[in-house]
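Peer 1: what follows is a predicted protein model with its sequence.
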Amino acid sequence: MTKTIPGTVLERYNGPPAARMTRMTQAAAVMRGAANMLRLLVRPGQAPAVRAQKMLVLIPSHNEEAAIGRTLQSVLDQSRAPDRVVVIANNCTDDTAKIARGYRGVTVIEMDRNVNGKVGALNHGWAQYQAGYDFIAGVDADTVLEAGCLEQLENELAATPRPGGVMARYTFRQNEGTSLLSRMLVRLQRLEFASWTGDALRKRRRTYVLGGQATLFSAHAMRTVAARNQMNGPWDHSAQVEDMALTGDFRSLNLSTTVSADARAYAGPMLTARALWHQRRKWDEGMIRLITRSRLNTWTVTLWRQQLGLLMNGLTRIGFIFLLATSLTAHRYVWNWIWIIPPGVAVLLNLKLAMKVPHRTAGDLLAALLLVPVEIYLIVRVCCATASWITVLSGIRRDGWEAQRTAEAGRSQGSSKMVLTVVIVLLAIVGTGFGWIHTPGFIQNRVLLVGWSMLAMLTAVQVLGMLVRILRPAHGLRP
């Protein structure tokens with residue numbers, strides 16, 4: 001019989017966190033020692049009576065009645081069966097908990113007044129059940145694991161000298177999309193994450209974020225982080241990107257954070273433009289808050305590099321549109337065939353990535369070849385990052401989780417803000433155009449000369465970067 005536990009994750013625990021973690025760690029060590037002794041007593045050729053390593057799977061869920069069944073079935077069908085599966089129903093108002101209880105061997109916790117969202121649910125499940133386990137997997141409630149996923153993750157993490165966590169390579173199932181727009185959004189997300197995973201695999205499989213979709217953690221590493229941070233769990237409830245914050249904690253302890261070379265998982269894609277926007281706003285804001293309050297190190301340098309890459313992509317596209325429009329209005333535009341090179345190289349890079357998309361279809365290749373959908377998707381990403389920087393620098397705090405949930409449910413939470421933003425942008429464009437038309441000719445000439453020269457240099461750097469990615473060998477690793 002499962003137990004309903006109301007309130008926040010902090011209510012059950014009153015002792016000093018560091019001391020409690022120490023007792024838990026000692027108890028876990030005793031249990032592992034007993035298990036290893038029993039294994040040594042088994043006669044050669046006889047199957048061991050107990051498993052040497054124990055695995056706990058935590059599945060935080062908020063109103064996931066449509067997806068939780070598929071997730072649980074994929075977890076229970078694993079070639080390496082987990083020793084315990086815990087579903088934490090986080091402020092659910094649907095039948096998520098009821099459906100989860102229908103699966104044999106699944107423990108269900110209901111949190112009716114959890115104020116810390118997904119992070120509170122994860123920490124609550126971890127604090128209640130982590131003692132005695134060697135590996136702890138975090139799996140999102142809309143993620144489906146391939147049959148050998150947990151076994152492959154465990155084998156990799158067990159063989160790592162200083163284990164922190166290893167993340168499954170994840171992608172999206174194309175059949176999740178039902179409309180023309182949703183199918184295109186899924187294709188573009190598949191292409192984006194094939195690129196991201198491929199880059200991580202080439203960097204000795206090191207990743208700057210162990211995604212919450214499907215990651216296996218070292219239980220000892222998690223206990224160390226919780227004790228060091230004096231928290232009731234390893235995940236930081238103050239971070240919008242709790243998985244990235246935990247990865248940073250592991251990196252600060254010189255622990256491994258890698259992408260699996262074999263394990264595969266299928267995450268739930270964003271099926272509407274609004275849901276995608278709010279998901280990326282949450283990710284971008286969380287990342288920006290992390291890097292602006294953290295010291296510069298090898299981990300944060302990677303995050304800064306990503307943000308600078310988005311900035312450069314935005315500058316080249318906005319710069320081209322601005323210079324093209326101003327040149328045409330001033331009757332000073334002269335076509336040069338050299339501008340065919342950047343989009344041509346971009347198409348080749350997109351095709352290379354599309355060829356590596358898991359279970360690719362002809363539609364994936366066509367989207368890469370057309371280039372326009374990929375460019376629109378990139379512009380949306382740049383706009384998300386820009387809006388997130390403005391929000392953070394202006395000191396605005398907002399609930400990114402709630403905004404994303406509202407958007408995924410099909411309810412608008414900021415239509416008036418979006419309309420206001422569009423109006424402001426249009427007014428800025430009109431004002432700039434009016435000012436440009438009335439600018440003296442010699443100033444126009446100087447602006448166009450400097451502008452096209454700077455754009456040419458930025459574009460040349462980007463083209464060289466794309467050529468390197470096209471020619472760089474994959475060493476047999478596939479995203």
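Peer 2: Arrived safely.
Peer 1: pop the domain breakdown of this structure in here.
Peer 2: In the assignment given by automatic domain parsing, the structural domains of the chain cover 17-269, 302-471.
Peer 1: and those domains: which comes nearest residue 479?
Peer 2: Comparing the domains of the chain by their distance to residue 479 (C-beta to C-beta), the top pick is domain 17-269, with 3.6 Å. Every C-beta, even on glycine, is put in place using the N, C-alpha and C of the backbone.
Peer 1: can I get the domains of the chain in a markdown table with distance to residue 285?
Peer 2: Compiled in a markdown table, the domains of the chain are given as follows (distance: least, C-beta to C-beta, whole Å):
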| stretch | distance to residue 285 |
| --- | --- |
| domain 17-269 | 6 |
| domain 302-471 | 4 |
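Peer 1: pick the most buried one from those.
Peer 2: A comparison of those by mean neighbour count, using mean count of other C-beta atoms under 10 Å, puts domain 17-269 on top with a mean of 20.
Peer 1: how far does it sit from the chain's center?
Peer 2: On the basis of C-alpha atoms, centre = their mean, to the nearest Å, the separation between the geometric centre of domain 17-269 and that of its chain is 14 Å.
Peer 1: for stretch 430-438, same thing?
Peer 2: Using C-alpha atoms, centre = their mean, the mean C-alpha position of stretch 430-438 is found 41 Å from that of the whole chain.
Peer 1: quick one: closest of the domains of the chain to residue 275.
Peer 2: domain 302-471 (4.4 Å).
Peer 1: what about the closest one, start to end distance?
Peer 2: Distances were taken as C-alpha to C-alpha, to the nearest Å; on that basis the terminal residues of domain 302-471 are 22 Å apart.
Peer 1: quick one: mean pLDDT over that domain.
Peer 2: The pLDDT scores in domain 302-471 average 86.
Peer 1: and the strands in the stretch 151-300 of the chain?
Peer 2: With DSSP state E, counting those that start in this stretch, the ranges of strands along the stretch 151-300 of the chain come out as 163-171, 214-218, 256-266.
Peer 1: right, so of those, which gets closest to residue 131?
Peer 2: Nearest to residue 131, of all the strands of the stretch 151-300 of the chain, is strand 214-218, at 14.7 Å by C-beta to C-beta.
Peer 1: the closest one pairs with which strands?
Peer 2: Sheet pairing here is set by DSSP bridges, and for strand 214-218 it gives strand 135-139 (antiparallel), strand 163-171 (antiparallel).
Peer 1: tabulate those strands (CSV), appending mean pLDDT.
Peer 2: Rendered in CSV, the data for the strands paired with strand 214-218 read as follows (pLDDT from 0 to 100):
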stretch, mean pLDDT
strand 135-139, 98
strand 163-171, 96
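Peer 1: any chance of the ones you listed in a markdown table, with distance to residue 212 too?
Peer 2: Putting those into a markdown table (distance: least, C-beta to C-beta, whole Å) gives the following:
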| stretch | distance to residue 212 |
| --- | --- |
| strand 135-139 | 5 |
| strand 163-171 | 9 |
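Peer 1: name all residues that make contact with the residue positioned nearest the centre of the chain.
Peer 2: Nearest to the mean C-alpha position of the chain, by C-alpha atoms, centre = their mean, lies residue 211 at 5.0 Å. Each residue near residue 211 by C-beta atoms under 8 Å, 6 or more residues apart in numbering is listed here: 167, 170, 243, 267.
Peer 1: sorry, back to before: out of the domains of the chain, nearest to residue 279?
Peer 2: The minimum distance between residue 279 and the domains of the chain falls on domain 302-471, with 5.2 Å, by C-beta to C-beta.
Peer 1: rewinding a little: identify whichever of the strands of the stretch 151-300 of the chain lies nearest to residue 361.
Peer 2: Proximity to residue 361 (C-beta to C-beta) singles out strand 163-171 among those, at 12.4 Å.
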